[in-house]
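Peer 1: Dropping the sequence and predicted coords here.
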Amino acid sequence: SRSAFKPYNNRSDSVEASECAILKSACDIEIETDDANPMKIQTPNSRPYHILKELLMTERTTLFDLKLLVQDFYRLFPQHVLTSGRALSELFNALKPLYDFHRSLLNDLDTKLTNWESSMGNCKGNTNSDQLRVGDLLLCAVHNALHQYRSFVQQMPIFLAAIDELSRTNQAFANALRSMEEEPFCYLAINHLMLKVANRMVAWQNILGRMVAALLEEGTDTAGASQLSNSRVALEKVASFNSETELTRDGLANFVKLVELEKEL
């Protein structure tokens, strides 16, 4: 029955505390210190650096969310359900490339930030935008991301409907889903995790907008102008995608609210 869906708003205080701990664990960046070499713990004092670091931190959370879906959530499905139900098998066919993309991007961001921090010691704090190529990285990431997200968002109505249908017709699955959503590590109901992933590009638009503004403040030398131009293109592409998919994403949010309302009645 629909009561198998756990209302997102009915989370206990202890679970909320666990959510905070999970997010902190997922987002914190560990930096090794070395008293003998203070330069190791210094970081560039520039807005683009800190914005890129923020992107890395939020990417860690996104990867954690996708791991919950492609690994923990996947285990709830009986094999015969995945093989006989095209929509559900397509769900994981769409989620797995997203997981792989964000894992690869996280590694690229980590490498970029490490090199940026290292260049501070080598160049006495003066980094060259041509060396760091922030705009190139962001434009490449956007190009790869939008291909995956466009397909995922377009199919999301089918995915959510299939999950809802299975939860109403398969009591074993409904019970397993409810048990998973009650676990402390599952800090959001599955429907809300799906929505969060579908709206990831909205968060990117905010970050990219601030990156463009920060690069404008950095200067307009030849190298900087190239990185600024690429960042602007990346922002325009993401903004266009978000505009195109806004109605679909709003409809998905309304569907999830309807499912929760029916669950409470």
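Peer 2: Perfect, I can see it now.
Peer 1: Setting the sequence-adjacent residues aside, check what's closest to residue 203.
Peer 2: In space, and not counting its chain neighbours, residue 203 is closest to residue 58: 6.3 Å by C-beta to C-beta, 6 or more residues apart in numbering. Where you see a C-beta, it was placed from the backbone N, CA and C, and this is true even at glycine.
Peer 1: I'd like the mean pLDDT over the one helix or strand that neighbour maps to, please.
Peer 2: For residue 58, the host element (DSSP states H and E) is helix 47-67. Averaged across helix 47-67, pLDDT comes to 96.
Peer 1: Please identify the buried residues of that helix?
Peer 2: Residues of helix 47-67 classed as buried by neighbour count (16 or more other C-beta atoms under 10 Å): 48-49, 51-53, 55-56, 58-67.
Peer 1: on contacts alone, who are the packing partners of that helix?
Peer 2: For helix 47-67, the elements it packs on are helix 13-27, helix 86-123, helix 190-198, helix 200-218, judged by 3 or more C-beta pairs under 8 Å, 6 or more residues apart in numbering; DSSP states H and E.
Peer 1: quick one, which of those is nearest to residue 181?
Peer 2: Nearest to residue 181 among the helices and strands packed on helix 47-67 is helix 190-198; the distance by C-beta to C-beta comes to 6.5 Å.
Peer 1: orientation of that closest one relative to helix 200-218 in degrees?
Peer 2: Angle, helix 190-198 to helix 200-218, by axes from the mean of the first three to the mean of the last three C-alpha atoms, to 10 degrees: 30 degrees.
Peer 1: Give the other helices and strands that helix 190-198 contacts.
Peer 2: Packing partners of helix 190-198 (3+ C-beta pairs under 8 Å, 6+ apart): helix 47-67, helix 134-169, helix 171-182, helix 222-264.
Peer 1: From the contact counts, what lies against the longest one?
Peer 2: Here helix 222-264 touches helix 129-132, helix 134-169, helix 190-198, helix 200-218, going by 3+ C-beta pairs under 8 Å, 6+ apart.
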